[in-house]
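Peer 1: could you look at this predicted model? Sequence included:
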Amino acid sequence: MTRLKGRVTLATVAGSAGVSVATVSKVLNGRSDVSPATRARVQEILEKHGYVGRRPEPARRETIELFYQGVLNAYSVQVIQGVVEAGQAAGVDVVLNAHPPHPQASSSGRAAPWIRDIIGNSRQAAIGITSQLADADLAALARARLPLVVVDPANIPQPDVTSVGSTNFAGGMAAAQHLLSLGHRRIGYIGGQPTSACNQARMSGFRSAMDSVGVEVPSEYIWLSDFLYDDGVAGGSAMLDLRNRPTAIFAGSDEVALGILEAARARGLRVPEDLSLVGFDDTEVARLASPPLTTVRQPLREMGAVALRTALQLAAGEQVSSHHVELATTLIVRGSAAPHELSSVAAS
């Protein structure tokens with residue numbers, strides 16, 4: 001069989017095989033109404049001459065917008081990983097966009113430009129991580145009927161906003177109870193913003209445990225700023241410079257705990273000999289810290305996965321069992337907290 005010259009088309013293949021263009025098209029499309037002999041002859045010619053048909057239009061996949069406000073850290077990376085892995089399993093695409101932190105409600109009552117961009121991108125749903133949304137943003141998403149799921153919202157979520165978090169109150173209580181069981185009574189808390197829902201829950205759990213044994217927490221033992229390393233350094237420095245400094249500190253995040261470790265190191269204090277420390281999150285940095293952090297584990301990747309699956313349910317018009325899902329926290333004991341000794345009291 002001689003090779004056809006020039007551009008090979010359906011018509012040239014049909015002419016060489018002695019069949020109609022429609023028959024060649026049926027062979028290419030896998031139709032069954034072609035005799036085996038004709039099919040074999042046409043396929044032989046197609047293969048012989050390297051016929052390449054038009055590229056088929058790619059199948060349109062569902063796309064979820066994942067947005068994050070602020071600087072990416074170990075916490076957010078694990079949540080994002082959970083969202084992406086669940087998206088792969090569900091056969092949907094996940095588009096990650098970062099936006100300015102803590103947007104303020106516009107005086108004009110208009111949604112933020114990046115919210116309008118999400119609505120205009122024809123997404124099936126949106127997922128926000130530790131995001132603070134103004135009323136105008138939420139109203140715009142509601143008008144566009146774009147489902148929204150927020151992981152650990154930075155502000156108190158409205159009742160009709162679907163969110164995913166962990167048992168922060170129970171986690172805060174477990175952290176304090178662990179330090180109390182080690183004999184500590186002067187325990188400080190360094191955490192996030194006062195308006196943060198997860199921060200309020202962690203601090204409330206901490207206070208509840210302290211109240212249960214009749215231990216009062218002085219105002220100078222509470223430091224609220226953000227969940228970042230620099231906040232741990234600042235809060236730790238202020239607390240450890242007190243004349244009657246705490247013998248233990250519960251940090252609202254692992255990153256804050258690392259900052260407290262640095263503040264202690266700068267003052268010649270050893271952890272856990274001179275200061276016991278408990279973090280929150282159980283990110284990779286908790287295991288790599290020196291000493292490794294005792295911390296409250298949040299199932300961060302699972303939180304991301306639940307957010308993705310919930311967003312798809314809402315996009316499909318399905319009812320969800322709860323507007324707020326809380327996954328269980330677990331205390332992970334490592335090496336940063338130790339029994340309180342009289343020598344520590346003397347050293348303080």
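Peer 2: Received, thanks.

Peer 1: for the stretch 1-150 of the chain, what spans make up the helices?
Peer 2: With helices called from DSSP state H, counting those that start in this stretch, the stretch 1-150 of the chain shows them at 10-17, 21-28, 36-48, 74-90, 113-120, 135-143.

Peer 1: swap that for the stretch 151-300 of the chain, sorry
Peer 2: With DSSP H, counting those that start in this stretch as the criterion, the stretch 151-300 of the chain has helices spanning 168-181, 197-212, 229-240, 254-266, 284-288, 300-315.

Peer 1: buried residues, the third one. List them.
Peer 2: Of the residues in helix 229-240, those with enough neighbours to count as buried (16 or more other C-beta atoms under 10 Å) are 229, 231-237, 239-240. Where C-beta positions appear, they are placed from N, C-alpha and C, glycine not excepted.

Peer 1: about what we covered before: include mean neighbour count and mean pLDDT when you put the helices of the stretch 1-150 of the chain into TSV, please.
Peer 2: Formatted as TSV, the helices of the stretch 1-150 of the chain follow (neighbours: other C-beta atoms under 10 Å; pLDDT from 0 to 100):
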stretch	mean neighbour count	mean pLDDT
helix 10-17	18	84
helix 21-28	18	84
helix 36-48	15	85
helix 74-90	19	95
helix 113-120	16	80
helix 135-143	16	83
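
Peer 1: residue 219: which of those helices is closest?
Peer 2: Nearest of those to residue 219, taken as C-beta to C-beta: helix 74-90 at 27.6 Å.

Peer 1: how many residues are close by the nearest residue to residue 280 once chain neighbours are set aside?
Peer 2: Leaving out its chain neighbours, the residue that sits closest to residue 280 by C-beta to C-beta, 6 or more residues apart in numbering is residue 296, at 4.6 Å. The tally of other residues near residue 296 (other C-beta atoms under 10 Å) stands at 32.

Peer 1: what's the pLDDT at residue 296?
Peer 2: pLDDT, residue 296: 98.

Peer 1: is it true that it touches residue 278?
Peer 2: Yes. Counting by C-beta atoms under 8 Å, residue 278 is a contact partner of residue 296 at 7.2 Å.

Peer 1: surely residue 68 touches residue 127?
Peer 2: No. Using C-beta under 8 Å, residue 68 is not in contact with residue 127, being 9.4 Å away.

Peer 1: mind checking which of these two has more residues around it?
Peer 2: Neighbours per residue (other C-beta under 10 Å) separate residue 68 from residue 127, with residue 127 holding more: 29 against 22.

Peer 1: give me the distance from stretch 132-141 to the chain's centre.
Peer 2: 20 Å (C-alpha atoms, centre = their mean, to the nearest Å).

Peer 1: same question, stretch 24-33
Peer 2: That offset, for stretch 24-33, works out to 47 Å (C-alpha atoms, centre = their mean).

Peer 1: now swap in stretch 226-241 and tell me
Peer 2: On C-alpha atoms, centre = their mean, the centre of stretch 226-241 falls 24 Å from the chain's centre.

Peer 1: which residue is nearest the centroid of this structure?
Peer 2: residue 79 (2.5 Å; C-alpha atoms, centre = their mean).

Peer 1: with residue 283 as the reference, measure out to that one.
Peer 2: According to C-beta to C-beta, to the nearest Å, residue 79 and residue 283 sit 10 Å apart.

Peer 1: which residues do those two both contact?
Peer 2: Both residue 79 and residue 283 are in contact with residue 300, where contact means C-beta atoms under 8 Å, 6 or more residues apart in numbering.

Peer 1: lovely, talk soon.
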